[in-house]
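# Let me see the structure of the following:
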Amino acid sequence: MSWKIMAFSAYKSFTIVFILVVCLFVTISKIIFDEVYKESRIVIDEAFHIPQGLEYCRLNFKFWDPKITTLPGLYIISAVILSPFNACSDYWLKFISFTATFVNYILLFAILQVNNRHDKWKNLFLATNLSLLPPLLFFGNLYYTDTVSITFILLMILLFKIEYIILASVIALFSVIMRQTNIIWVAMLFAHLCLVELYTAVTKKKQVDLSFSDIKLLMQQLQQRKLDVKKVPKSIWCNILSFLAVCLSFVVFIITNKGIVVGDKSAHVMTFHFVQILYFLLFCLIFTWPYFISSVLPFLYLVQQRKVFSLLIISFMGVVVLLNTEVHPYLLADNRHYTFYIWNRFYQNDVFRYLIIPAYYFGGYCFFRCRMLENNLKAVYNY
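A predicted model of the protein is given here:
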């Protein structure tokens, strides 16, 4: 009986610590939230979002600001939550984002628990660390689509992982209504769903995380027509069709709307901007640098051992920077965004754009190295 008592004691201790950490996170976030609100009632694009949110909160659904580019998901949520309590004010609109911040914290922990139930202390640390990401924490104080949009994405992923697929597809639809670019997450889950369900139907084995060898085997068996459509359970087709319906609805929206944004279309034209991938690698490097310290020496060793390969990678990145660096007019004109100052103080200098390329290379190396280490750990510990 002693091991049961110890297990219960450890569970109780963790529960107490978890509650204390969440309460501390909410308390400190609330203090910061109130200070930000006192300093400035309107921040950046809240000049568009807050008036729109107030109109929807007052159930005036005919009003629409043509400068707003996203679908009205945020304003609908605001109306549903605030209107019954007659709490239509800029403070309570912002409070929705604040609430979503610690809801995201809980959802992150829940997703990590699903992935790895045996290391709840590590999951708590990771959920806290992710929730403290500065850009994410900042937008939790503003009435923007970002924070609530992430709430719907995390909820969709959690439901997907615990195999409430149809409910996840409903949340997926709401996530797209919240922010159109969320369709990328929906499409990735849809592709994953199709592969897993087809793999299960063909091999009769349940495997959530498919490797490249599994996908290769699946494609070979599909080419050999070993998938009998009539023998595939109806539940599988329902799951696939539920996500397919969301993706097709988005395609219909794009065609009828003649673009991805609903307003200010002339300033929001879809383009291929591959340099954004390099910016993303640098972003990861800056905000997760303690995690990548251990990669410095292996990276230098790689460069030393594979000089030609490294030169080719850096040259390729240089060509991408040269031919594909896009500068949005708002980036040059709108000094309300921090990216305005980053661009003007650094990237405006052509020399800097190329001097920073080795950092992109290092960021890419760290990204793929960490992914490989993660896969190796999964293989060793079988989780």
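# Quick check: closest non-adjacent residue to Ala87.
Cys57 (7.8 Å; C-beta to C-beta, 6 or more residues apart in numbering). In this view, the C-beta of every residue, glycine as well, is placed from N, C-alpha and C.
# my guess is that neighbour contacts Ser83, does it?
Yes: here Cys57 reaches Ser83: they are 5.4 Å apart, a contact under C-beta atoms under 8 Å.
# of those two, who's got more company?
Cys57 (22 against 14; other C-beta atoms under 10 Å).
# Nearest the geometric middle of the protein, what residue?
Ile150 (6.2 Å; C-alpha atoms, centre = their mean).
# check contacts around it.
Ala100, Asn104, Leu136 (C-beta atoms under 8 Å, 6 or more residues apart in numbering).
# Quick check: the gap between the residue nearest to Ala87 and Phe85.
10 Å (C-beta to C-beta, to the nearest Å).
# Contact partners for Val262?
Ile68, Thr69, Thr70, Leu71.
# helix or strand right after the lowest-mean-pLDDT helix or strand in the chain?
The helix or strand of the chain with the lowest confidence, counting by mean pLDDT, DSSP states H and E, is helix 212-223 at a mean of 64. Later in the chain than helix 212-223, the nearest helix or strand by DSSP states H and E is helix 234-257.
# May I see the buried residues of that next one?
Counting neighbours by 16 or more other C-beta atoms under 10 Å, one finds that the buried residues in helix 234-257 are Ile236, Asn239, Ile240, Ser242, Phe243, Val246, Cys247, Phe250, Phe253.
# One more: stretch 352-360?
Those would be Arg353, Ile356, Ile357, Tyr360, for stretch 352-360 by 16+ other C-beta under 10 Å.
# Same check on stretch 122-142?
Going by neighbour count (16+ other C-beta under 10 Å), the buried part of stretch 122-142 is 123-124, 126-128, 130-131, 136, 138-142.
# Among the residues you listed, which ones are in helices?
Among the buried residues of stretch 122-142, the ones falling in helices (DSSP state H) are Asn123, Leu124, Leu126, Ala127, Thr128, Leu130, Ser131, Leu136, Phe138, Phe139.
# Switch these over to CSV; also include distance to Pro51 and pLDDT.
As requested, those are arranged in CSV below (distance: C-beta to C-beta, whole Å; pLDDT from 0 to 100):
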residue, distance to Pro51, pLDDT
Asn123, 40, 89
Leu124, 39, 89
Leu126, 38, 88
Ala127, 34, 90
Thr128, 35, 90
Leu130, 32, 88
Ser131, 29, 89
Leu136, 25, 86
Phe138, 22, 85
Phe139, 19, 87
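# ok, so of these, who is nearest Cys370?
For those, the closest approach to Cys370 (C-beta to C-beta) belongs to Leu126, at 13.1 Å.
# Next up, the contacts around the closest one.
Leu108, Leu112.
# What distance do you get for it to Ile153?
17 Å.
# With Lys94 instead?
Distance, Lys94 to Ile153, using C-beta to C-beta: 21 Å.
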